[in-house]
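Trainee: could you work out the structure for the sequence below:
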Amino acid sequence: MEYLLHWRMTLAKDELRRGTRSVGEIALAIGFQSSSALNTAFIRAVAVCGRS
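Mentor: Model (predicted):
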């Protein structure tokens, strides 16, 4: 499950850097139902990565 989350966050990060799609479009493209769902997952991923 962690691998899938990491992969999705990597895809989202790459798309955001390109700057050609909205957050909502990216969210739908990588399997989230909304931009807020992507945002929630991103916050969780950052929290997990910050743990020692």
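
Trainee: where do the helices sit along this structure?
Mentor: For the chain, applying DSSP state H gives helices covering 2-18, 23-29, 35-49.

Trainee: now do the first one: everything it contacts.
Mentor: This points to helix 2-18. 21, 23, 26-27, 29-32, 38, 41-42, 44-45, 48 (Cβ atoms under 8 Å, 6 or more residues apart in numbering). C-beta here means a position set from N, CA and C on the backbone, and glycine is covered the same way.

Trainee: what residues sit buried inside it?
Mentor: Judged by neighbour count (16 or more other Cβ atoms under 10 Å), helix 2-18 contains these buried residues: 8-9, 12, 15.

Trainee: follow-up on the earlier one: could you tell me the least trusted of the helices of the chain?
Mentor: Note on the helices of the chain: lowest mean pLDDT is at helix 35-49, with a mean of 84.

Trainee: could you give the angle of it to helix 2-18?
Mentor: 120 degrees (axes from the mean of the first three to the mean of the last three Cα atoms, to 10 degrees).

Trainee: pick out the residue closest to the middle of this structure.
Mentor: Compute the mean C-alpha point of the chain, and by Cα atoms, centre = their mean the closest residue is residue 9, 3.6 Å away.

Trainee: kindly provide the distance from that residue to residue 37.
Mentor: The gap separating residue 9 from residue 37 is 13 Å, by Cβ to Cβ, to the nearest Å.

Trainee: of the contacts of helix 2-18, select the buried ones using a ChimeraX command.
Mentor: In ChimeraX, a selection of the buried entries from these looks like this (16+ other Cβ under 10 Å):
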select :23,26,27,30,32,38,41,42,45
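
Trainee: just flag the most distant two among the contacts of helix 2-18.
Mentor: Greatest spatial distance among the contacts of helix 2-18 (Cβ to Cβ): 21 and 48, at 25.0 Å.
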